[in-house]
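Trainee: Structure, please.
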Amino acid sequence: MRGPHYRIELADPAAHRYRVTLTLDEPAHWQEFSLPVWIPGSYLVREFAKHLSRLTARQAGRDLPLQQLDKAHWRVDCSGDAALTLSYEVYAFDASVRTAWLDADRAFFNPSSLCLRAHGREAMPHSLELASVPEGWRIATEMRQVGSRYEAADYDELLDHPFEIGPHWQGEFVAAGVPHRIVVAGAWPSFDGGRLLADVRRICEAQIAFWGGSPFERYSFLLWAVEDGHGGLEHRASTALICARRELPTATEPAAPGDGYARLLGLFSHEYFHAWNVKRLRPAEFAQLDYQRENYTELLWFFEGFTSYYDELMLCRAGLVDAPRYLKLLAASVNGVLAAPGRRVQSLAQSSFEAWTKYYRPDENSPNATSNYYAQGALVALCLDLSLRARQSSLDALMKRLWDASSGGPVSEADILAAVGALGGDDTAAQLQAWVHGTEELPLRALLETHGVSWRDEGRQTVAQRLGLRVREGALTGISVSHVLAGGTAEAGGVNARDEILGCNGWRLRRLDDAPGLLPSAHARLRLLVARDQRLLELDVELPPAGPAAVALGLAEAAPAGRRDWLGA
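Mentor: Predicted coordinates for the structure are as follows:
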């Protein structure tokens, strides 16, 4: 008996449709199939089955009835051992790294969007072949190729290998003896592929050295460059990435990466670090994944947050940014976390558990009610690293201890806390537990200053910051309120998200920072003219004095360089 085989045809690029044929030898009498509702690494039920249509079943030359059991689950009444063939179409026009795409210029898919699971056969080898691939197009994937087919040991492995297909650019390098490939689709003609290869190689070498070796034999970065976008999704031997074209390096890129290119390198670093931390070292709850429903864990602060700490730190350790530039990047993270009142409402453990309903479904109240397990989790990692270094250990040692103890496999919160206790004492473990299960402020300033980093207030707040607002504004578009932050005077004065601020104290207002110039005195209140649901309202709002706008981090001049060894480790 052979395992399931998929024939994936690029059937109709103009209509963005794949045609899939699944062949299953010796099916069960009541053979069931299902399509995943989520993809590991992106914690939201995305209902991939909504794009599946024209599903039919045939056996021994005759059509069989299909019974749909739920939104993504079907059953076929089979007769005898003859091979069962399912045929169906999948609409693919999602410009992301999570699902599938097909047009005249490019094809991309995660098998979780296209490949039905044959129940009872998940542990068997699976195979896949591609059809109707245009002449001149390349196929990039790390799924094992045998002749014209691609083979996976089981259904889990099948789902963990995305495909990038098209006339893309491709370059290769070797890092620590391991072949790597970068594939870029959609780049401008000015794209400097050689620069990207050289810089990413340094990141990979730094991370392989960090972990003490590579868990894969080859690795591919599959990057799609678009007008505007940024993100990635990790897999066991590859990652799918998306970026804005302007982030790609060009021949004029300075020796020190510009902000856009540094952001892109941080994305490469983040997803590559995941090859160890989440794809192998992973939450104990993810030891066996269920693709048909939410898989809950309270540990995303560790697997996403700690990865977020290391992604930019690895740029510094690889020599791609210097220490002052790294501290500037770190300060941006600090300021982003401090600007969200929700950090005092939702713990990081709660944020991890509720990612399925909150983090991936943000709304106008999200900054007030949620914490960010990526950015805030990264700051917990920083605090833990500096705390451990004060005890002659480090977060590096913790990560490698967990890797060795689990053999690169599942770990629980108890495992993490036990390892922290062994390296830094029970009080450090208790402190970590309080940071991730509580909502008190992190001791960032004290720890950074102890380790040779200066902390200073920088700039003055904008009017929006003083009022507790986040707005979109422009000379032509006016001022629209996107978020009203809890505890601000705008909230107290009755301003709502989605309000349009038209004027202030009798004057037309197109930029909120012009408001102080419309006041008769420094202590006068703002009388805002607001449009809300076609009604015009006047709201009295207090304008507090301007405070510091942001935190800036730098190298303390008097600090011995050894106190900053965590930057270079």
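
Trainee: Tally up the residues packed near residue 347, please.
Mentor: 22 (other C-beta atoms under 10 Å). Yep, even glycine has a C-beta here, placed from its N, CA and C like the rest.

Trainee: pretty sure it is in contact with residue 371, am I right?
Mentor: Yes. With contact defined as C-beta atoms under 8 Å, residue 347 counts as touching residue 371 (6.9 Å).

Trainee: Identify the contacts common to these two.
Mentor: residue 439 (C-beta atoms under 8 Å, 6 or more residues apart in numbering).

Trainee: give me the element residue 440 is part of.
Mentor: For residue 440, there is no enclosing helix or strand under DSSP states H and E.

Trainee: show me what contacts it?
Mentor: Residue 440 touches residue 434, counting by C-beta under 8 Å, 6+ apart.

Trainee: Just give me how far the longest helix belonging to the chain sits from the chain centre.
Mentor: Using DSSP state H to define each element, the chain has its longest helix at helix 193-211. Between the centre of helix 193-211 and the centre of its chain there are 20 Å (C-alpha atoms, centre = their mean, to the nearest Å).

Trainee: Now tell me what touches that helix from outside.
Mentor: Here helix 193-211 makes contact (C-beta under 8 Å, 6+ apart) with 169, 171-176, 178, 180, 182, 184, 187, 214, 219, 221, 248-249, 253, 257, 265, 268-269, 272-273, 276, 310, 314-315, 317-320, 396, 399-400, 403.

Trainee: Give the buried residues for that helix.
Mentor: 195-197, 199-208, 210-211 (16 or more other C-beta atoms under 10 Å).

Trainee: do the same with stretch 437-457
Mentor: In stretch 437-457, counting by 16+ other C-beta under 10 Å, buried: 442, 444, 447, 448, 450, 451, 452, 453, 454, 455.

Trainee: Now name the helix or strand holding the fourth one.
Mentor: When secondary structure is defined by DSSP H and E, residue 448 falls within helix 444-450.

Trainee: For that helix, the averaged confidence score.
Mentor: Helix 444-450 shows a mean pLDDT of 96.

Trainee: Whichever helix or strand comes after that helix pairs with which strands, parallel or anti?
Mentor: Toward the C-terminus, helix 444-450 is succeeded by strand 453-460 as the next helix or strand (DSSP H and E). Within its sheet, and counting by DSSP bridges, strand 453-460 is paired with strand 548-555 (antiparallel).

Trainee: What lies in contact with the next helix or strand after the longest helix of the chain?
Mentor: Using DSSP H and E, the helix or strand that directly follows helix 193-211 along the chain is strand 219-226. Residues from elsewhere that reach strand 219-226 (C-beta under 8 Å, 6+ apart): 95, 97, 106, 108, 140-142, 162, 164, 178-188, 191, 200, 204, 237-245, 247-248, 268, 271-272, 275.

Trainee: ok, now stretch 282-295?
Mentor: Outside stretch 282-295, the residues touching it (C-beta under 8 Å, 6+ apart) are 34, 36-38, 40, 43, 45, 72-73, 112, 117, 156, 159, 296-297, 299, 303, 356, 409-412, 415.

Trainee: Show me the strands in the stretch 351-500 of the chain, by range?
Mentor: 410-411, 453-460, 469-474, 478-484, 500-504 (DSSP state E, counting those that start in this stretch).

Trainee: does residue 566 count as helix, strand or coil?
Mentor: helix (DSSP: H, G, I helix; E, B strand; the rest coil).

Trainee: what's the neighbour count on it?
Mentor: Using other C-beta under 10 Å: residue 566 sits among 20 other residues.

Trainee: if I pick it, what's in contact with it?
Mentor: Counted by C-beta under 8 Å, 6+ apart, residue 566 has contacts 385, 386, 389, 394, 451.

Trainee: just residue 374 next, same as before
Mentor: Contacts of residue 374 (C-beta under 8 Å, 6+ apart): 304, 305, 308.

Trainee: Mark which of these are buried, thanks.
Mentor: Applying 16+ other C-beta under 10 Å to those flags 304, 305, 308 as buried.

Trainee: still on that earlier bit, now tell me what touches the helix holding residue 448 from outside.
Mentor: 334, 379, 382, 383, 386, 387, 390, 455, 553, 556, 563.

Trainee: mind running it again at 10 Å?
Mentor: With contacts defined as C-beta atoms under 10 Å, 6 or more residues apart in numbering, helix 444-450 is touched by 327, 330, 334, 337-338, 379-380, 382-387, 389-390, 443, 453-455, 551, 553, 556, 559, 563-564.

Trainee: Repeat that for stretch 243-260.
Mentor: Contacts for stretch 243-260 (C-beta under 10 Å, 6+ apart): 184, 186-196, 198-199, 223-232, 261-268, 315, 320-322, 325, 328-329, 332.

Trainee: buried residues in that stretch?
Mentor: With the criterion 16+ other C-beta under 10 Å, stretch 243-260 contains buried residues 243, 245, 247, 248, 249, 250, 253, 257, 260.

Trainee: Identify the farthest-apart pair in those residues.
Mentor: Maximum pairwise distance in the buried residues of stretch 243-260, criterion C-beta to C-beta, is 15.6 Å, between 245 and 257.

Trainee: quick one: pLDDT of residue 475?
Mentor: 78.

Trainee: Kindly provide the distance from the nearest residue to residue 144 once chain neighbours are set aside to residue 209.
Mentor: Leaving aside its chain neighbours, residue 144 sits nearest to residue 151 (5.1 Å; criterion: C-beta to C-beta, 6 or more residues apart in numbering). The gap separating residue 151 from residue 209 is 32 Å, by C-beta to C-beta, to the nearest Å.

Trainee: same thing with residue 329?
Mentor: Relative to residue 209, and taking C-beta to C-beta, residue 329 is found at 21 Å.

Trainee: Got the domain ranges for this structure?
Mentor: 5-166, 168-258, 277-456, 463-546 (automatic domain parsing).

Trainee: what's the closest of those to residue 568?
Mentor: domain 277-456 (5.9 Å).

Trainee: Report how far apart the opening and closing residues of the closest one are.
Mentor: Terminal residues of domain 277-456 lie 33 Å apart, using C-alpha to C-alpha, to the nearest Å.

Trainee: Then stretch 254-261?
Mentor: 10 Å.

Trainee: Then stretch 383-397?
Mentor: Stretch 383-397: ends 15 Å apart by C-alpha to C-alpha.

Trainee: Let's test this: mean pLDDT of it, rounded?
Mentor: Mean predicted lDDT for stretch 383-397 stands at 97.

Trainee: in it, what counts as buried?
Mentor: 383, 384, 385, 386, 387, 388, 389, 393, 394, 395, 396, 397.

Trainee: Stretch 115-123 now?
Mentor: 115, 116, 117, 118, 119, 121.

Trainee: Need the residues you listed in TSV (columns: distance to residue 425).
Mentor: TSV is the format used below for the buried residues of stretch 115-123 (distance: C-beta to C-beta, whole Å):
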residue	distance to residue 425
115	49
116	51
117	46
118	51
119	49
121	50
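
Trainee: closest to residue 8 among these?
Mentor: residue 115 (8.1 Å).

Trainee: Tell me which residues touch the residue nearest to that closest one when sequence neighbours are not counted, please.
Mentor: Residue nearest to residue 115 in three dimensions, not counting chain neighbours: residue 6, with 5.4 Å by C-beta to C-beta, 6+ apart. Contacts for residue 6 (C-beta under 10 Å, 6+ apart) come out as 20-23, 86, 111, 114-116, 126-130, 149-150, 158.
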